[in-house]
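> What would the 3D arrangement of this be:
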Amino acid sequence: QVQLVESGGGLVQPGGSLRLSCVASGRTFSSNAMGWFRQAPGKEREFVAAINWSGGRTEYADAVKGRFTISRDNAKSTVFLQMNNLKFDDAAVYYCVASPSTGTLRLKGIPYDYWGRGTQVTVSS
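As a prediction, the model looks like this:
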């Protein structure tokens, strides 16, 4: 059974940092693009960041560029999202995703068929 399990969410003050992790099990995703989406209450789910199979290509939503960094460790079947300078608008449930695509040509707009259950990020003073 394929599973993506997120961890690292929590409560943080504005300007603070969190590091999300996602461990994949049930199959290897070392040849697949992986990424993160988020959904805030009352809002649509949105793309946050993604990384291609090798880690050599990344893409970010404009709202998080310069503050978030995605990375992966294929040996540990893990993808990370380092989030710095968090803002109130970053509060959401963050979902780890995996694509059937390698992400070699692009990472936005490709299908992400595998989803984790999400981890809550709360930004509050």
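> Please make it C-alpha for all contacts and neighbour counts, starting now.
Noted.
> ok, residue 44 - how many residues close by?
9 (other C-alpha atoms under 10 Å).
> same thing with residue 55?
Neighbours of residue 55 using other C-alpha under 10 Å come to 19.
> pretty sure it contacts residue 72?
Yes - with contact defined as C-alpha atoms under 8 Å, residue 55 and residue 72 form a contacting pair (6.3 Å).
> most centrally placed residue in the protein?
residue 36 (2.3 Å; C-alpha atoms, centre = their mean).
> Now do that residue against residue 125, distance only.
25 Å (C-alpha to C-alpha, to the nearest Å).
> Can you give me the buried ones in the helix or strand hosting the residue nearest to the centre of the chain?
Per DSSP states H and E: residue 36 is located in strand 34-39. By neighbour count on 16 or more other C-alpha atoms under 10 Å, the buried set for strand 34-39 is 34, 35, 36, 37, 38, 39.
> Make CSV from those and add pLDDT and distance to residue 84 to it.
Conversion of the buried residues of strand 34-39 to CSV gives the following (pLDDT from 0 to 100; distance: C-alpha to C-alpha, whole Å):
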residue, pLDDT, distance to residue 84
34, 97, 20
35, 98, 17
36, 98, 15
37, 98, 16
38, 98, 16
39, 98, 18
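> Tell me where this protein has helices.
Per DSSP state H, the chain carries no helices over any range.
> So which residues of it form strands?
3-7, 10-12, 18-25, 34-39, 46-51, 58-60, 68-73, 78-83, 92-98, 114-115, 119-123 (DSSP state E).
> and the second one, what does it pack onto?
Spelled out, it's strand 10-12. On a contact count with 3 or more C-alpha pairs under 8 Å, 6 or more residues apart in numbering; DSSP states H and E, strand 10-12 meets strand 119-123.
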